[in-house]
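S.K.: give me a model of this one.
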Amino acid sequence: MSASAEDTPTDAPASQAARRTLFPEGPAADPAGSHHERRIRSFRPRRGRVTSGQGDALRRLWPTWGLDIDGRSRLDLEALFGGLPVVLEIGFGMGEATAAMAAADPGTGILAADVHTPGQGNLLGLAERNGLSNIRVANGDAIILLREMIEPAALAGLRVYFPDPWPKKRHHKRRLIQPEFVELATSRLRPGALVHCATDWEPYAEQMLEVLSASPELQNTQANGGFAPRPDFRPLTKFENAGLGKGHVVHDLLFVRR
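M.R.: Reported below is the predicted structural model:
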């Protein structure tokens, strides 16, 4: 599908150049470049001020613990994580919940994908400070990561927490959890893999439930076919606590790959 000008993420060339100058061996501004088709994106390019600590982590740790989603080759997840089962997390914000889950389950590798440079630096710093060797940070489009860089049945799980709800009706096509995405993602999951989504946007929660329930490759863990209680392994985030304080209702969805 071709994207309109509205659908194409923009990033000023000057800011791209500045980012590369600041982090010469760090995350690329547009890692997949022009060798993959442009399409409607489920994410906004997110800029923000990188603190000195985040910048230091990017400069020092990216060459070891980071990777660009360039779509040019398959990842060797076994080598990347030393043989650990690997869960893909799409969109990790500032990384606090990701780091907490990695610390609580050192026997699972977390491939954490996002496009937010400050968050990437923050998560790398958290991993270093807490001795978390089971985290790798991926920069770029998770669709390209799944389609071009991950082998079929390679993942032990998928986590999508609080993705952009794109609340306006004309933007619903941008939502990540769509039938095409689920078909692609389930092809990369091994049998028994857990798909875990969470959102505080009620209409998106209903869409997630409908789409995931319609997949012949997935089974809802809830006998009633509905939403799940928040599992203990998913920590509350600052974002979630703020939403709860405003009266938002958070819905978790837990499905297993057949």
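
S.K.: just the helices in the stretch 101-250 of the chain please.
M.R.: Here the stretch 101-250 of the chain has its helices, by DSSP state H, counting those that start in this stretch, at 117-129, 142-144, 179-187, 202-214, 238-245.

S.K.: so which elements touch the third one?
M.R.: Okay, so that is helix 179-187. Judged by 3 or more Cβ pairs under 8 Å, 6 or more residues apart in numbering; DSSP states H and E, helix 179-187 is in contact with helix 202-214. All C-beta spots, glycine's among them, are computed from the backbone N, C-alpha and C.

S.K.: which parts of the helix it packs on are buried?
M.R.: Within helix 202-214, the residues that count as buried by 16 or more other Cβ atoms under 10 Å are 204-205, 207-209, 211-212.

S.K.: make JSON lines out of these and add distance to Phe255 and pLDDT.
M.R.: As requested, the buried residues of helix 202-214 are exported to JSON lines (distance: Cβ to Cβ, whole Å; pLDDT from 0 to 100):
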{"residue": "Tyr204", "distance to Phe255": "16", "pLDDT": "98"}
{"residue": "Ala205", "distance to Phe255": "14", "pLDDT": "98"}
{"residue": "Gln207", "distance to Phe255": "14", "pLDDT": "98"}
{"residue": "Met208", "distance to Phe255": "10", "pLDDT": "98"}
{"residue": "Leu209", "distance to Phe255": "10", "pLDDT": "98"}
{"residue": "Val211", "distance to Phe255": "10", "pLDDT": "98"}
{"residue": "Leu212", "distance to Phe255": "5", "pLDDT": "98"}
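
S.K.: which member of the residues you listed is positioned nearest His251?
M.R.: Ala205 (3.8 Å; Cβ to Cβ).

S.K.: middle-most residue in the protein, spatially?
M.R.: In the chain, the residue lying closest to the centroid (Cα atoms, centre = their mean) is Ile90, at 1.0 Å.

S.K.: still on that earlier bit, format the helices of the stretch 101-250 of the chain as TSV; extra columns: distance to Asp70.
M.R.: Putting these into TSV (distance: least, Cβ to Cβ, whole Å) gives the following:
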stretch	distance to Asp70
helix 117-129	16
helix 142-144	8
helix 179-187	18
helix 202-214	28
helix 238-245	29
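
S.K.: next one: Asp141 from Gly82, what distance?
M.R.: As for Asp141, its distance to Gly82 is 26 Å (criterion: Cβ to Cβ, to the nearest Å).

S.K.: those two: who's more crowded?
M.R.: Neighbour tally, Asp141 and Gly82, criterion other Cβ atoms under 10 Å: the higher count belongs to Asp141, 25 against 9.

S.K.: so that one sits right up against Ala32, yeah?
M.R.: Yes - with contact defined as Cβ atoms under 8 Å, Asp141 counts as touching Ala32 (6.1 Å).

S.K.: which residues do those two both contact?
M.R.: Common neighbours of Asp141 and Ala32 are listed as Ile69 (criterion: Cβ atoms under 8 Å, 6 or more residues apart in numbering).

S.K.: quick one: contacts for Leu84?
M.R.: Counting by Cβ under 8 Å, 6+ apart, Leu84 makes contact with 107-109, 134.

S.K.: in ChimeraX, how would I select the buried members of the residues you listed?
M.R.: Remark: buried members of these, expressed as a ChimeraX selection using 16+ other Cβ under 10 Å:
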select :108,109,134
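
S.K.: out of the contacts of Leu84, who's nearest Asp200?
M.R.: Minimum distance to Asp200 across those is 25.3 Å, recorded for Thr108 (Cβ to Cβ).

S.K.: give me the distance between the closest one and Gly119.
M.R.: For Thr108 relative to Gly119 (Cβ to Cβ), the value is 20 Å.
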